[in-house]
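Visitor: What would the 3D arrangement of this be:
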Amino acid sequence: MEIRVQQGNITQTAADAVIVNLFEGVTQPGGATGALDARIGGLIRRLIAAGEFKGRLNETAVLHVGEGFPFRKVVVVGLGKSSEFDAERVRQVSATAAQTAAKGNVKTIATIVHGAGIGGLDVFTAAQSVAEGTLLGLYRYDKYKSKKDNGDGHPGTPEQVLIVEMDGGKLDTIRAGVQRGVILAEATNWARDLVNAPGNELTPSELARRAEAMAREEGLECTILGREEMERLGMGALLGVAKGSAQEPKLVVLRYNGGGDAAPVALVGKGVTFDTGGISLKPREGMAEMTSDMAGAAAVLGAIKAIARLKPRQNVIAVAPCVENMPSGTAYKPGDILRAMTGKTIEIDNTDAEGRLILADAVAYAESLGAHTIVDVATLTGACVIALGHIYTGLVSNDDGLAEAIMAAGRKAGERFCRLPADPEYKEQYKSDVADIKNTGGRPAGAITGALIISEFIDKARWAHLDIAGTATAQKARHYLVKGATGVAVRTLAEFVCSL
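Guide: Have a look, this model is predicted:
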């Protein structure tokens, strides 16, 4: 789908559907909405007067017009209270309006830029948010649908979205904002495709192949380590998890070089392409969803895809350890002791606590490549879902400045993070009688101890951990968060790197 900026009057734009907006409490629409209302004979004012449209956030109304207009329907979207308006609300209403407008065999949608100049929202940010929200909201994973119409009246994605602006002086700024929004949204949707893919399609080798293809397309350096290379490096934790599967493990390393001789930032993502729990087998209920246990890998790969296009003056590496966690006669077992790349030994208490094991070797490898900052992303613990639900991503860090920088990037991207404590007393929970540490610290503070176990394999780098177990997928669609994979952390990580 193409998003194009053009100068013009929304009332005269040829499209199947046009989108305008209204703040809550407004009874006499002005600006582009007022002009369009006058063109269609006051239909919007009548809706307002009848109490059928109040402008509440993400409220929509559809008006079908007769012959003689260059468009066949008008979508009015509510912006909510003007005092609460921000970039995140632009993303939301853009998605909601585009989803509504796209129903009914629509090929072209025209929209205005929502809310520029309101509440300090600049034109660039508003335009970026329109592009992000539109592309994220219109995303669909229908690769395996014989019929693309899912019965919701939305048969497909429009071919074109036109962003229409009358003021020629704003066009360059709008185009620049839209370009940035498209980059971030397309990278997020690429990551969503990975997470939504079934486990029989997206094996560790296939995930590595797609990462390599993306790297080639974006001009990134790519190295993929196989079993033999990992054995030479002593990655006993990662290889221990992989032992139970017939699928070969892969360690994907992508490099973006934009910072000269500076040490890199490392983004490390958990890539368990299917997680049965291993010998500590998961319950049947919900196991089919464990195809999404590689959402951390998808996030860091999607982030470096966006970074390659945004071109910040930083060096960045993305590291994705890719395995299956399966039960078999060769699988690792509770009571086993694994030795990680750093030489530290780990007693296996539960084979379903495998993410921290593959990340142990992955973060150690990232630091061995010179990384001064390491951010790992993982669907790590059910404990984080219990603590924070499906709205906030858990964050654990050994550096206050790093934690705040990530949360600030999240606020810019519209993704919410909650920092959890990392007091050293928590480490007492995963002490082992027979090895250096255990791979679990028990049920209390499980999200914290799981994160701290990963930190045991980092020497000097500043570190942050993002637990996306509750936010990687959505069970119910909400504005631009469509049902299924969300692509969480892609945009935050890209914004974070660009902010450094």
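Visitor: CA atoms only for stretch 253-273, dumped as PDB, please.
Guide: Taking C-alpha atoms only, stretch 253-273 is exported to PDB below (Å, rounded to 0.1, in the frame of the first residue of the first chain):
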ATOM      1  CA  VAL A 253      24.000 -11.300  14.100                       C
ATOM      2  CA  LEU A 254      23.200  -8.200  12.000                       C
ATOM      3  CA  ARG A 255      25.400  -5.100  12.000                       C
ATOM      4  CA  TYR A 256      24.500  -1.500  11.200                       C
ATOM      5  CA  ASN A 257      27.600   0.700  10.900                       C
ATOM      6  CA  GLY A 258      26.700   4.400  11.200                       C
ATOM      7  CA  GLY A 259      29.000   5.500  14.000                       C
ATOM      8  CA  GLY A 260      32.600   5.100  12.700                       C
ATOM      9  CA  ASP A 261      34.900   3.500  15.200                       C
ATOM     10  CA  ALA A 262      32.500   3.800  18.200                       C
ATOM     11  CA  ALA A 263      31.500   0.800  20.300                       C
ATOM     12  CA  PRO A 264      28.100  -0.600  19.300                       C
ATOM     13  CA  VAL A 265      24.800  -0.700  21.000                       C
ATOM     14  CA  ALA A 266      23.500  -4.300  21.100                       C
ATOM     15  CA  LEU A 267      19.900  -5.300  20.700                       C
ATOM     16  CA  VAL A 268      19.400  -9.000  21.700                       C
ATOM     17  CA  GLY A 269      16.100 -10.900  21.100                       C
ATOM     18  CA  LYS A 270      14.900 -14.200  22.300                       C
ATOM     19  CA  GLY A 271      14.100 -16.400  19.300                       C
ATOM     20  CA  VAL A 272      12.400 -19.600  20.500                       C
ATOM     21  CA  THR A 273      10.400 -20.400  17.400                       C
END
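Visitor: Just the mean pLDDT for the helix or strand hosting Ala299, thanks.
Guide: Take DSSP states H and E as the rule and Ala299 turns out to sit in helix 295-310. Across helix 295-310, pLDDT averages out at 98.
Visitor: how far does it sit from the chain's center?
Guide: Offset of helix 295-310 from its chain centre (Cα atoms, centre = their mean, to the nearest Å): 9 Å.
Visitor: packing partners for that helix?
Guide: Other elements packing on helix 295-310 under the criterion 3 or more Cβ pairs under 8 Å, 6 or more residues apart in numbering; DSSP states H and E are helix 171-196, helix 204-218, strand 250-257, strand 265-269, strand 315-325, strand 373-378, helix 490-499. Yep, even glycine has a C-beta here, placed from its N, CA and C like the rest.
Visitor: Show me the shaky parts of the chain.
Guide: 148-156 (pLDDT under 70).
Visitor: domain ranges for it?
Guide: 2-166, 186-499 (automatic domain parsing).
Visitor: just to revisit the earlier point, of all the helices and strands packed on helix 295-310, which one is nearest Gly414?
Guide: Of all those, it is helix 490-499 that lies closest to Gly414, at 7.8 Å by Cβ to Cβ.
Visitor: just the angle between the closest one and strand 265-269, please?
Guide: 170 degrees (axes from the mean of the first three to the mean of the last three Cα atoms, to 10 degrees).
Visitor: and helix 490-499, which residues are buried?
Guide: 490-498 (16 or more other Cβ atoms under 10 Å).
Visitor: Show me what that helix is in contact with.
Guide: For helix 490-499, the external contacting residues (Cβ atoms under 8 Å, 6 or more residues apart in numbering) are 132, 184, 187-188, 191, 265, 267, 298-300, 302-303, 306-307, 310, 312, 314, 316, 375, 377, 405-406, 408-410, 412-415, 417.
Visitor: Only the buried subset of those, as a ChimeraX command please.
Guide: A single ChimeraX command selects the buried members of these (16+ other Cβ under 10 Å):
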select :132,184,187,188,191,265,267,298,299,300,302,303,306,307,310,312,314,316,375,377,405,406,409,410,412,413,414,415,417
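Visitor: if we can go back for a sec, which stretch among the domains of the chain is buried most, on average?
Guide: The highest mean neighbour count among the domains of the chain, using mean count of other Cβ atoms under 10 Å, belongs to domain 186-499: a mean of 21.
Visitor: picking up where we left off before, save the helices and strands packed on helix 295-310 as a markdown table, and put in distance to Ala116 too.
Guide: Listed next are those as a markdown table, based on distance: least, Cβ to Cβ, whole Å:
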| stretch | distance to Ala116 |
| --- | --- |
| helix 171-196 | 8 |
| helix 204-218 | 30 |
| strand 250-257 | 31 |
| strand 265-269 | 32 |
| strand 315-325 | 31 |
| strand 373-378 | 32 |
| helix 490-499 | 20 |
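Visitor: which residues of the stretch 401-500 of the chain fall in helices?
Guide: Assigned by DSSP state H, counting those that start in this stretch, the stretch 401-500 of the chain shows helices spanning 446-455, 490-499.
Visitor: Which among those is found nearest to Lys103?
Guide: Here helix 490-499 is closest among the helices of the stretch 401-500 of the chain (Cβ to Cβ), at 26.5 Å.
Visitor: So for Ile109, which of the helices of the stretch 401-500 of the chain sits nearest?
Guide: Closest approach to Ile109 among these (Cβ to Cβ): helix 490-499, 22.5 Å.
Visitor: Can you name the residues that contact Asp122?
Guide: Ala116.
Visitor: Distance-wise, check it relative to Thr173.
Guide: From Asp122 across to Thr173, the span is 8 Å (Cβ to Cβ, to the nearest Å).
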